[in-house]
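Enquirer: kindly generate the corresponding structure for this input.
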Amino acid sequence: MINNDSTPADPRDEIVTHLPAMRAFALSLTRNRSQADDLVQDAVVKAWKNIGSFQAGTNMRAWLFTILRNTFYSDRRKQKREVQDTDGAFAATLSEKPQHDGRLAMADFETAFVQLKAEQREALVLVGASGFSYEEAAETCGVAVGTIKSRVNRARKHLIELMDLREDEALELTDQETMAVVTAGLPVRGNAA
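Expert: Numbers count the residues shown, from 1 in each chain. You can find the predicted model right below:
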């Protein structure tokens, strides 16, 4: 990024452009809007404090997603020692399913999606919904490209099984609201699953 006066722009300015994608990724990890917002805030604070370690000319989005992912897993390790809403009674009161034509398909998708392993959900969100290349997703997760490809493939196959679909059958969502929820408001690049 270069300003009109040919001086390099502050990389902090670019952080704001990645907030919607960060929130969508955080939401896929936490499955809770409030926790996702907190996670994004924590990641942005860490990025802001450590902006000096960001190398100009590299991929800011991948750097931010790596910070967000690492923050999520660090918090998750800490929470293993805590007991929180084990029966889900409180969490069930926080949101209501959408009241439109796609609610059944969306409910089926959500039910199946949460049954995937965390690594598979993460890979699907990065590659499917967030538009990361396999290489970018692998870098963000700190694994080999083949590992990401494998996770995405296994996740898609498991979703097909869980949703009782045929291999060639796509998850058809009937309206833009449902598509926006599945893709967390990101541009749709094809089928959600």
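
Enquirer: my read: Thr147 touches Glu139, true?
Expert: No - Thr147 lies out of contact with Glu139 (CB atoms under 8 Å); the separation is 11.6 Å. (Each C-beta comes from the backbone N, C-alpha and C, glycine too.)

Enquirer: now do Ala155 against Ala56, distance only.
Expert: According to CB to CB, to the nearest Å, Ala155 and Ala56 sit 34 Å apart.

Enquirer: between these two, which one's more packed in?
Expert: Ranked by neighbour count (other CB atoms under 10 Å), Ala155 and Ala56 place Ala155 first, with 24 against 9.

Enquirer: who's in contact with that one?
Expert: Shown in contact with Ala155 (CB atoms under 8 Å, 6 or more residues apart in numbering): 116-117, 120-121, 123-124.

Enquirer: list the contacts for the spatially closest residue to Glu135 that is not a sequence neighbour?
Expert: Using CB to CB, 6 or more residues apart in numbering and skipping residues adjacent in sequence, the residue nearest Glu135 is Val145, 5.7 Å away. Counting by CB under 8 Å, 6+ apart, Val145 makes contact with 134-135, 138.

Enquirer: repeat for Val40
Expert: Under the criterion of CB under 8 Å, 6+ apart, the neighbours of Val40 are 19, 22-23, 26, 68.

Enquirer: need those residues in CSV (columns: distance to Ile51).
Expert: CSV is the format used below for the contacts of Val40 (distance: CB to CB, whole Å):
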residue, distance to Ile51
Leu19, 15
Met22, 15
Arg23, 20
Ala26, 20
Leu68, 15
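
Enquirer: nearest to Leu159, of the residues you listed?
Expert: Nearest to Leu159, judged by CB to CB, of the contacts of Val40 is Ala26 at 20.8 Å.

Enquirer: okay, now that closest one: neighbour count?
Expert: Neighbourhood size, Ala26 [other CB under 10 Å]: 28.

Enquirer: cool, Met163 as well?
Expert: Quick note: Met163 (other CB under 10 Å) scores 16 neighbours.

Enquirer: can you check Val127 too?
Expert: 20.

Enquirer: over to it. Which of the three states is it?
Expert: The three-state assignment at Val127 reads helix, by DSSP: H, G, I helix; E, B strand; the rest coil.
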